[in-house]
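In: got a predicted structure plus its sequence, pasted below:
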Amino acid sequence: MQRLPFIFCGKQFSGDGCGLSDEEDTLVKNVSLYVLENLSRKEPWALSRCTFFADRGIDYLVLAARIFPIHDPRIHGDDINPFNQHYWLAYDLLRESQRAEIVLDPIYAYLGKTEFAPETFHYHNERKRRVFAHKAIGDGGVRVKTIGI
């Protein structure tokens, strides 16, 4: 079945529910809309940089987990090299026998299962770590929270 693309603020997100049932695809899009709309309404600047998006967007993803049947909302990041770092939001959909990790990444304009993400994303995903919200880098938080280095 051909699904409609997910578009937010003029940016078309790839993914389109690959590997998800129709019900799961709708859920993923609803969760994404909840996070992106709340973040863009209150902190629109946070959608332009992954460091800001992850550190501010996680609050809305945690709230979404209280409304929608998603599990373990979290920040993932690849920040081994501070000049080539990347952060994104992730959560799990629980199925009968397995879990599906879902990625919400407005920088790479991807929304969907981790395994179907673009090639450029896989580079970061292979080196990811779990990042703790609102913490300094020494405490496991986002490395850089400024526009420039």
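Out: All right, it came through fine.

In: so the residue nearest to Ile67 when sequence neighbours are not counted, which of the three states?
Out: If the residues on either side of it in the chain are set aside, Ile67 comes closest to Tyr34, at 7.1 Å by C-beta to C-beta, 6 or more residues apart in numbering. For every residue, glycine as well, the C-beta is placed using N, CA and C. The local conformation at Tyr34, judged by DSSP: H, G, I helix; E, B strand; the rest coil, is helix.

In: where exactly do the helices run in this structure?
Out: Under the criterion DSSP state H, the chain carries helices at the ranges 22-42, 50-67, 119-125.

In: buried deepest among these, which one?
Out: helix 50-67 (a mean of 20; mean count of other C-beta atoms under 10 Å).

In: quick one: that one to helix 22-42, angle?
Out: 120 degrees (axes from the mean of the first three to the mean of the last three C-alpha atoms, to 10 degrees).

In: residues contacting helix 50-67, please?
Out: 31, 34-35, 38-39, 43, 45-47, 70-71, 73-75, 77, 85-89, 91, 104-107, 131, 133-134, 141-145 (C-beta atoms under 8 Å, 6 or more residues apart in numbering).

In: let's see that with 7 Å instead.
Out: When contacts are defined by C-beta atoms under 7 Å, 6 or more residues apart in numbering, helix 50-67 is touched by residues 31, 34-35, 38-39, 43, 45-47, 70, 73, 75, 77, 86-89, 91, 106-107, 131, 133-134, 142, 144-145.

In: in ChimeraX, select just the buried ones from those residues.
Out: In ChimeraX syntax, the buried subset of the contacts of helix 50-67 is picked out as below (16 or more other C-beta atoms under 10 Å):
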select :31,34,35,38,39,46,47,70,73,75,77,86,87,88,89,91,106,107,131,133,142,144
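
In: sweet, I'm off.
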